[in-house]
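**Student:** prediction below, plus the sequence it came from.
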Amino acid sequence: MHRIVSVYGRKILSVSLLFNALLTLSCSVGILSGFYAAYPFWKPFSPFLLDGNLFWLVIVGAVINIFPAAHVGKVHTGRLWFHHYVYGFFVLMLSVAFILVLSPVSLLSIFFVNSTDVAVNAGRFFFIGGLTLVLDDLPDVHKLTMHGLNWLKGKACEARKIIHATQLIMGIISTYFAVAITFSILKTPEWITPANFIVIGSLLITALTSFSGVKRKVWINLEIDQCKQ
C-alpha cells in the first residue's frame with residue numbers, strides 16, 4: 001500500500017510540476033505580449049521589476065524545469081485502457097472546441113490577451129492540462145518523438161554543467177520576480193487580482209522546482225551514454 005501511494009504520489013507531483021511549468025510559460029507569454037503591444041507606455045510591475053523584457057528569462061527557467069518535472073514521475077503506474085497521451089490529446093481537442101465555440105478570443109491569440117473572461121481562462125486551463133498529459137507521456141507517442149527526445153538529451157548532456165548552473169540562476173530570478181510582483185501589487189491595490197496571485201504562485205513553484213533540481217543534480221547526473229539510448 002505504501003509503495004502504491006509513493007508511486008502515484010510521485011506521478012501526481014510530476015504532472016503538477018509540468019502543469020506549473022507550462023502555466024509559467026503561458027503567464028510570461030501573456031505579459032510579454034501586453035508589454036510589447038503597449039511599449040513603451042506600460043512597464044509591468046514597475047518600479048520593483050526592472051524591465052519587462054526579463055520575462056524571457058522566466059520562460060527559459062520554465063523550459064529548463066520541464067525535464068526535472070518529468071523525471072520526478074519516472075515510475076511505472078500502468079495505464080487505464082490507453083496511454084496517458086491519448087487522454088491528453090482528448091482534453092486538447094475538447095479545449096480547442098470549447099475555445100472555438102464559447103471563447104470571445106480566437107484560438108491563436110488565447111495566450112496573448114489579458115482577459116478575465118471565464119471562458120477564456122477555462123479554455124487556457126484545459127488546453128494546458130491536455131498538453132501536460134501529452135508531455136508526461138511524450139516518448140510513447142511515436143518512435144520519432146522518442147528519437148527526437150533522445151537527440152535533445154544527448155545535446156543536453158554535452159551542456160549539462162551549463163544547464164545546471166543556469167537552472168540555479170533561473171531559480172534566483174524566479175524568486176526575485178515573485179517578490180517584485182508581490183511588492184508591486186501591495187503598492188497598487190487595483191493590481192490585487194486572482195490572475196496576479198496565480199502568477200506569483202506559479203513563479204514560486206518554478207523557483208522551488210529549480211532549486212530542487214539543482215540540489216538533486218538532475219542535469220549533472222545525466223549520463224551521455226544513457227541519453228543517447
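**Tutor:** Perfect, thanks for sending it. Numbering: from 1, shown residues only.
**Student:** next up, the contacts around residue 136.
**Tutor:** By Cβ atoms under 8 Å, 6 or more residues apart in numbering, the residues touching residue 136 are 14-15, 18, 70, 73, 84-85, 88. The C-beta positions use only the backbone N, C-alpha and C, and glycine is treated the same way.
**Student:** let's have these in CSV, adding pLDDT.
**Tutor:** Output for the contacts of residue 136, formatted as CSV (pLDDT from 0 to 100):
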residue, pLDDT
14, 85
15, 88
18, 92
70, 79
73, 59
84, 73
85, 77
88, 87
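**Student:** centre of the chain to the helix or strand that contains residue 12, how far?
**Tutor:** Assigned by DSSP states H and E, residue 12 belongs to helix 2-38. Distance of helix 2-38 from the chain centroid (Cα atoms, centre = their mean, to the nearest Å) equals 4 Å.
**Student:** and that helix, what does it pack onto?
**Tutor:** Under the contact criterion of 3 or more Cβ pairs under 8 Å, 6 or more residues apart in numbering; DSSP states H and E, helix 2-38 touches helix 55-72, helix 118-136, helix 194-216.
**Student:** residue 144 versus the nearest residue to residue 204 once chain neighbours are set aside, what's the distance?
**Tutor:** What sits nearest to residue 204 in space, not counting adjacent residues and going by Cβ to Cβ, 6 or more residues apart in numbering, is residue 178, at 4.9 Å. Going from residue 178 to residue 144 by Cβ to Cβ, to the nearest Å gives 38 Å.
**Student:** quick check: domain ranges of this structure?
**Tutor:** Taking automatic domain parsing as the reference, the chain has its domains at 2-81+142-227, 84-136.
**Student:** go ahead and confirm residue 35 touches residue 42.
**Tutor:** Yes: applying Cβ atoms under 8 Å as the test, residue 35 and residue 42 come out as touching, 6.2 Å apart.
**Student:** between the two, which contacts overlap?
**Tutor:** By Cβ under 8 Å, 6+ apart, the residues touching both residue 35 and residue 42 are residue 52.
**Student:** who's more crowded, the two?
**Tutor:** Between residue 35 and residue 42, counting by other Cβ atoms under 10 Å, residue 35 is the more crowded of the two (17 against 13).
**Student:** state the distance from that one to residue 171.
**Tutor:** Counting by Cβ to Cβ, the gap from residue 35 to residue 171 is 23 Å.
**Student:** rewinding a little: which of the contacts of residue 136 tops the neighbour count?
**Tutor:** Counting neighbours by other Cβ under 10 Å, residue 18 comes out on top of the contacts of residue 136 with 26 neighbours.
**Student:** not counting residues beside it along the chain, what's closest to residue 57?
**Tutor:** residue 173 (5.2 Å).
**Student:** quick one: contacts for that neighbour?
**Tutor:** 54, 57-58, 61.
**Student:** from the residues you listed, list just the buried residues.
**Tutor:** Buried subset of the contacts of residue 173 (neighbour count, 16 or more other Cβ atoms under 10 Å): 54, 57-58, 61.
**Student:** so how far is residue 180 from residue 48?
**Tutor:** 4 Å.
**Student:** in terms of neighbours, single out the busier of those two.
**Tutor:** Between residue 48 and residue 180, counting by other Cβ under 10 Å, residue 180 is the more crowded of the two (20 against 16).
**Student:** wouldn't the more buried one be in contact with residue 49 here?
**Tutor:** Yes: counting by Cβ under 8 Å, residue 49 is a contact partner of residue 180 at 4.5 Å.
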